[in-house]
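Enquirer: got a structure for you, letters missing:
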């Protein structure tokens, strides 16, 4: 996870994986910039820091998957592109909500992986 991108100057700008969410989607969910949020799919769940932005359209979220600690890949499906067999990392339906005490912490990947 992030074997190449983690070794570039990108870490200067992005020292952790974050989830970009449109400001209208964030407002509907009571999420503010910099808040820890739970990102879950039918496969798994992880915790990321919210970046409220207009860079992504409403109804769409974006995250990187450079750091193993974030567990971003635990929410992706097992499906791959029919033509290239590349994993569909960028096509995963997720639910977003503010993280709370019942949500597994970032550094407890085993808890995240077994929660699904």
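Expert: Nice, I can see it. Just so you know, these numbers come straight off a predicted model, no measurement behind them.
Enquirer: CA only for contacts and neighbour counts going forward, please
Expert: Fine.
Enquirer: Quick check: which ranges of this structure have low pLDDT?
Expert: Low-confidence segments of the chain, defined by pLDDT under 70: 1-15, 66-71, 101-116.
Enquirer: quick one: the helices in it?
Expert: Ranges of helices within the chain are 10-13, 23-29, 109-115, based on DSSP state H.
Enquirer: residues in contact with the second one?
Expert: By C-alpha atoms under 8 Å, 6 or more residues apart in numbering, the residues outside helix 23-29 that reach it are 32, 52-54, 58-59, 96-98.
Enquirer: Which positions within that helix qualify as buried?
Expert: For helix 23-29, burial by neighbour count (16 or more other C-alpha atoms under 10 Å) applies to 23-26.
Enquirer: Make JSON lines from these and add distance to residue 89 to it.
Expert: Listed next are the buried residues of helix 23-29 as JSON lines, based on distance: C-alpha to C-alpha, whole Å:
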{"residue": "23", "distance to residue 89": "23"}
{"residue": "24", "distance to residue 89": "24"}
{"residue": "25", "distance to residue 89": "21"}
{"residue": "26", "distance to residue 89": "22"}
